[in-house]
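Participant: following is a predicted model, sequence given first.
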Amino acid sequence: MDAIEIHGGRPLAGEVDVSGSKNAALPLLAATLLAEGRHHLGNVPLLADIATMGRLFDHMRIDLDRDEVDPRRVTIRVPSSPRAEAPYELVKTMRASVLVLGPLTARLGHARVSLPGGCAIGARPIDQHLKGLAVLGAEIRLEHGYVESSAPRGLKGGRVVFDVPTVTGTENLLMAAALAHGTTVLENCAREPEVVELARVLAGMGARIEGAGDAVVTVHGVESLAPMKVDVFPDRIEAGTLLVAAAITGGNVVLHRCRLEDLDAVAAKLREAGTRIEPIGDGVHVQGPRVPAPVDFRTAPYPGFPTDMQAQLMALCTVADGSSVVQETVFENRFMHVSELDRMGADIKVEGHTAVVKGVPSLSGAPVMATDLRASASLVIAGLKAQGTTLVQRVYHLDRGYERLENKLSQLGAEVRRIRA
Ligand code: EPU
């Protein structure tokens, strides 16, 4: 199994490109199911989760071809009637597979998608997706661990009020409503940039959507949609991770292809910690502090501080000049990195959804392992600062959402490499 070996202590310096966004690419791939024909996507990141979506398309008898010269260019040929099924083996590997439920039900009138089950960071139910589809007239049955949805005469518009703002739930309903008969009003929607981007691309395919990015979104259903041609926008979480990596090492880095406007909450906290962050050209210039100041932060749906950046910023807090208080409000079990950071010499106490991080003068390298994607990134960041060698194991978590993070970090001068451990 692969592991990442890091010799800490070097400030990052130089320039690096941010890759295409995982959480934008996945719903865009699902949205191709809404239109028969040939779709073209560029800047699709080379990630394990995208490969899983590829395997799901294979199962659904949909051709997905990567360009031989530029493998980030993908062509998808959606037939008139793909197999409308997402099996357990794939959904259990990647929960976002559930994104095919809305588009399949809307276009084909039926779908069979495995229930995802629990997950390392929380229970993560999909009740809001199912409730929304039922409002649009789908008959939903749960049988043998699968969701069977059926709307033989098509979906019809309705009013859906989400109990919690859910990112993939909002995306599933946007896609379903795009082909429903009549008008759908979605309330308490997720407002993440990836949701707004999906709505923008759907509009380019012919959908009629008003208010994306607001809590209330109105969708006027249309008869059919045309295939998409789109480049996936840059990954704000990869960018945020690299910003923290630069900050913790006191580095001086330029990130190209970085949309600073999507990173307001993260940039604000990094500035509070003493980091200089300036927009420059197509990206951002970041200069880390000598010693970070402590910062208190609380995760929340967008535009709040993203839960997907909590573990990484906490790594910065471990070496701050004072104590930070971190609250996780989105997922119930997203502190699994804490015990591993403590093994590296951090001083973190968790009480319920709150972690108190007492800054220490230095971390010490250690063998560590992660239980989820962003936790692995946090351990890599800690390793960049720690004295001695850190070995981050279970790198398959990292590979789900970061395109060869070790290559980007070594491009910036870090002493880091992938080994077989
Ligand atoms: N929730 C429900 N019922 C539902 C749906 C969600 O109770 O039907 C709850 C969840 O349990 C959670 C909260 O609502 O407590 C928010 O979850 P959300 O549905 O927004 O999460 P998601 O759509 O499953 C996406 C990202 C995650 C990211 C979250 C929150 C994708 C493919 N995944 O997940 O990304 O953490 O939004 O921003 O977009 C990651 O990339 O590492 C990752 C986990």
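Facilitator: Cool, the structure landed.

Participant: and stretch 205-219, how far out from the chain's middle?
Facilitator: Using C-alpha atoms, centre = their mean, to the nearest Å, the mean C-alpha position of stretch 205-219 is found 21 Å from that of the whole chain.

Participant: my bad, stretch 279-299
Facilitator: Here the centre of stretch 279-299 is set off from its chain's centre by 20 Å, with C-alpha atoms, centre = their mean.

Participant: what do you get for stretch 201-217?
Facilitator: Its chain's C-alpha centre and that of stretch 201-217 lie 20 Å apart, by C-alpha atoms, centre = their mean.

Participant: quick check: which element contains G345?
Facilitator: Under DSSP states H and E, no helix or strand contains G345.

Participant: counting neighbours, what do you get for it?
Facilitator: When neighbours are defined as other C-beta atoms under 10 Å, G345 has 18 of them. Quick note: C-beta positions are derived from backbone N, CA and C, even for glycine.

Participant: any residues of the stretch 101-250 of the chain in contact with the ligand? List them.
Facilitator: 122-129, 164, 166-169, 190 (C-beta under 6 Å from any ligand atom).

Participant: by neighbours, which of the residues you listed wins?
Facilitator: With neighbours taken as other C-beta under 10 Å, the top of those is G169, carrying 29 neighbours.

Participant: just checking, that one touches A190?
Facilitator: Yes: when contacts are counted by C-beta atoms under 8 Å, G169 is listed as touching A190 (7.3 Å).

Participant: overlap in contacts of the two?
Facilitator: Between them, G169 and A190 have F162 as joint contacts when contacts are counted by C-beta atoms under 8 Å, 6 or more residues apart in numbering.

Participant: show me where the chain has helices.
Facilitator: Taking DSSP state H to define them, one finds helices in the chain at 22-31, 48-59, 88-91, 101-108, 127-135, 167-178, 193-204, 236-248, 264-272, 310-317, 338-343, 373-385, 396-401, 405-411.

Participant: in the shortest one, what counts as buried?
Facilitator: Which is helix 88-91. Within helix 88-91, the residues that count as buried by 16 or more other C-beta atoms under 10 Å are 88, 90-91.

Participant: save those as JSON lines, and put in pLDDT and distance to the ligand too.
Facilitator: Rendered in JSON lines, the data for the buried residues of helix 88-91 read as follows (pLDDT from 0 to 100; distance: C-beta to the nearest ligand atom, whole Å):
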{"residue": "Y88", "pLDDT": "96", "distance to the ligand": "17"}
{"residue": "L90", "pLDDT": "95", "distance to the ligand": "14"}
{"residue": "V91", "pLDDT": "93", "distance to the ligand": "12"}
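
Participant: thought A106 was touching M175?
Facilitator: Yes: A contact is recorded between A106 and M175 when judged using C-beta under 8 Å, the distance being 6.5 Å.

Participant: between these two, what contacts are shared?
Facilitator: In the contact map built from C-beta under 8 Å, 6+ apart, the residues linked to both A106 and M175 are L34.

Participant: for this protein, which spans come out with low pLDDT?
Facilitator: Along the chain, segments meeting pLDDT under 70 span 118.

Participant: residues near the closest residue to M336 other than its chain neighbours, how many?
Facilitator: Sequence neighbours aside, T371 is the residue nearest to M336 in space, at 4.4 Å (criterion: C-beta to C-beta, 6 or more residues apart in numbering). Using other C-beta under 10 Å, T371 is surrounded by 16 other residues.

Participant: swap in the one 4 residues further on?
Facilitator: Applying other C-beta under 10 Å, we find 29 residues neighbouring A375.

Participant: repeat for the one 4 residues further on
Facilitator: Here the number of neighbours of L379 (other C-beta under 10 Å) works out to 31.

Participant: ok, it to the ligand distance?
Facilitator: The span separating L379 from the ligand equals 14 Å under the rule C-beta to the nearest ligand atom, to the nearest Å.

Participant: isn't that residue right up against V338?
Facilitator: No: checked against C-beta under 8 Å, the pair L379 and V338 is beyond contact range at 10.9 Å.

Participant: list residues touching both of those two?
Facilitator: With contacts taken as C-beta under 8 Å, 6+ apart, L379 and V338 have no neighbour in common.

Participant: quick one: I62 and P79 touch, right?
Facilitator: Yes: A contact is recorded between I62 and P79 when judged using C-beta under 8 Å, the distance being 6.8 Å.

Participant: looking at these two, which one has more neighbours?
Facilitator: The residue with more neighbours, out of I62 and P79 and counting by other C-beta under 10 Å, is I62; that gives 19 against 12.

Participant: and I62, what does it touch?
Facilitator: Applying C-beta under 8 Å, 6+ apart, the residues contacting I62 are 32-33, 76-79, 82.

Participant: pull out the buried residues from these.
Facilitator: In terms of neighbour count (16+ other C-beta under 10 Å), the buried residues within the contacts of I62 are 32-33, 76, 78, 82.

Participant: now, which of the residues you listed lie within strands?
Facilitator: Counted as lying in strands by DSSP state E, out of the buried ones among the contacts of I62, are 76, 78.

Participant: of the buried ones among the contacts of I62, which are in range of the ligand?
Facilitator: Among the buried ones among the contacts of I62, no residue is within reach of the ligand (C-beta under 6 Å from any ligand atom).

Participant: now render the buried ones among the contacts of I62 as a markdown table, adding distance to E139.
Facilitator: Putting the buried ones among the contacts of I62 into a markdown table (distance: C-beta to C-beta, whole Å) gives the following:
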| residue | distance to E139 |
| --- | --- |
| T32 | 25 |
| L33 | 20 |
| I76 | 29 |
| V78 | 24 |
| P82 | 21 |
